[in-house]
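J.: Predicted model and sequence follow; I will ask about them next.
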Amino acid sequence: MPIHIFIERSGALGRPPAIQNYQIKNLMPIDKKNTNRWIRYLGIPLAAIPIIWIFWRLDFHAMIAMLPKVAWWTAPMMLCLGGAIMSLQGLRWWILLHAFIPELPLRRALSYHFMAIFYGTVIPTGAGQDVIKTLIVAKNNDVSLSWASFWLTRMLGLPALVLLSTIGIVSMERVAPLKNVDYLLAFIDVVICGLFLISFSKRTTRPVRRITQKVFPAKWFGPLERIREGVYCFRNKKKDVLLSFCATIIAQTLLIFLCALLILGITEEFPLWTCFAFIPLIELVSTAFPFTPNGLGIRETLTAGMFAYLHISKEHLGIYVMFVLFFSLVPRLVGVPFILHGYQKRKLQNDTLN
């Protein structure tokens, strides 16, 4: 279902003023028909081919024989940690919104978050779910602040992922001689944090803005200016930005532990520091890739590289991929009751008007 139809039919919010509809549409000036067509046609093979490649190489009889040896606690662990991670992702987004929209309760924000996660399952890039929930909130609130919260949520994830990966690489005894890698990742982390802090200064970003105005079409700068002004509003909300960053660190750390515990349940090995080194980079690349739903296929390809580094068999990789695909889908279904409630609420409103 297209995003605009979902927002209108879900009943999550009332009908917005016409001016807000105009602003939201003009924040994303794209040729939807042609863009969606080539992204969809390109995304399907990019998502399917890596998964087919992984299962094509393994011995199914050996993999089936390994399944009973998987620890019993693996499935409930994935459900509990997966639900906690998704809730923390919604919490960090709400913290930024609550700084300027105090009337938005946490419960409602989490309902938008889980609805967006469900729809984000089939939307290209990991940012799809953030776009959906941002559009929902922007219908009844300041558009610039809503999109600025989305931008900051994504930006806060970059230094968190690089920082955790740096900790993992420094702690891995097997790559201890590769000191240049340690320094490189530490340098990247410092650069990302520096650029993030600089983005709050109009004086510092003014030269970059002048250059981009010469390179990019003028029609893009209206929406970008509104987002830019919204980002600057967070200069006086350092406490909220710090709390959101802490929630991001906790969520990403739980994701790393989830992957390490899953490998432990499947192989009886616990490569914690290797997961610290690889998982953040895998998440960074897979969520940034703009062609597959939620990084599907890209994440599995990079995970196969991590398993090859750990010298873990292809059959164990197949079990790992099956568990991740299945148990990452189940928590997403939490959004279904909120969607159905929205449909029912909208239906009751229409019946009352009629």
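T.: Yes, it's here.
J.: for L104, phi and psi?
T.: Main-chain dihedrals, L104, degrees, to the nearest 10: phi -80, psi 110.
J.: Which residues lie in contact with the nearest residue to it once chain neighbours are set aside in this structure?
T.: Of all residues not flanking L104 in the chain, L97 sits nearest, at 5.7 Å (C-beta to C-beta, 6 or more residues apart in numbering). Where you see a C-beta, it was placed from the backbone N, CA and C, and this is true even at glycine. L97 makes contacts with L104, A109, V137, L145, S146, S149, as judged by C-beta atoms under 8 Å, 6 or more residues apart in numbering.
J.: quick one: the last one and L96, what's the gap?
T.: Spelled out, it's S149. 4 Å (C-beta to C-beta, to the nearest Å).
J.: Neighbour count: those two, which is higher?
T.: Comparing S149 with L96 by neighbour count (other C-beta atoms under 10 Å), the higher total belongs to S149, at 32 against 25.
J.: can you tell me which helix or strand F270 belongs to?
T.: Here F270 sits in a region with no helix or strand, counting by DSSP states H and E.
J.: Now do it, the pLDDT please.
T.: With respect to pLDDT, F270 scores 93.
J.: Report how many residues lie close to it.
T.: By other C-beta under 10 Å, the residues close to F270 number 13.
J.: Now it. Its backbone dihedrals?
T.: Torsion angles, degrees, to the nearest 10, at F270: phi -130, psi 80.
J.: How about it: what's its closest non-neighbour residue?
T.: Nearest residue to F270, sequence neighbours excluded (C-beta to C-beta, 6+ apart): L264, at 4.5 Å.
J.: What's the per-residue pLDDT of that neighbour here?
T.: 96.
J.: so it sits in a helix?
T.: Yes: counting by DSSP: H, G, I helix; E, B strand; the rest coil, L264 is part of a helix.
J.: I figured it was touching A71, is that so?
T.: Yes: with contact defined as C-beta atoms under 8 Å, L264 and A71 form a contacting pair (7.4 Å).
J.: These two - which one has more neighbours?
T.: Using other C-beta under 10 Å as the criterion, L264 and A71 rank with L264 on top: 17 against 13.
J.: Quick check: the more buried one vs C193, distance?
T.: 32 Å.
J.: Kind regards, and thank you for your time.
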